[in-house]
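Colleague: Sequence first, then the predicted structure, then my questions.
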Amino acid sequence: MSNEKKGLALEKINFILMGISIALIVLGFFLMSGEATTEEAFNPKIFDFQRITLSPIVTLSGFVLMIVAIIWNPKKSEK
């Protein structure tokens, strides 16, 4: 038997990064939400910086961070 620790394939830092990425994705979708334009009234806020630029960047960064969190392999110290 070897003394290597067997268990999960991912480390604690992977799960922390996954949690941060999920929070970024939820935040991005929250920033996209708001009142819509109806047939009776046009809402110019649908073309606001927050909905058109900021929220897709936040959401995309959350998805990219999720990929990094899954692939991340922390250096293991050998003793």
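Modeller: Yes, it's here.
Colleague: On the C-terminal side of the worst-scoring helix or strand of the chain on mean pLDDT, identify the next helix or strand.
Modeller: Every helix and strand in the chain was compared by mean pLDDT, DSSP states H and E; the lowest is helix 49, with a mean of 94. Proceeding N to C from helix 49, the next assigned helix or strand is helix 55-71, under DSSP states H and E.
Colleague: if we look at that next one, which residues are touching it?
Modeller: 10, 14-15, 17-18, 20-29, 31-32 (C-beta atoms under 8 Å, 6 or more residues apart in numbering). Using the backbone N, CA and C atoms, a C-beta is placed for each residue, glycine as well.
Colleague: Longest helix of the chain, counting residues only.
Modeller: helix 12-32 (DSSP state H).
Colleague: and that one with helix 55-71, angle?
Modeller: When axes from the mean of the first three to the mean of the last three C-alpha atoms, to 10 degrees is applied, the directions of helix 12-32 and helix 55-71 differ by 160 degrees.
Colleague: Would you mind checking the average pLDDT for helix 12-32?
Modeller: Helix 12-32 shows an average pLDDT of 96 in the prediction.
Colleague: Report all helices and strands that it contacts.
Modeller: Packing partners of helix 12-32 (3 or more C-beta pairs under 8 Å, 6 or more residues apart in numbering; DSSP states H and E): helix 55-71.
Colleague: All set, thanks.
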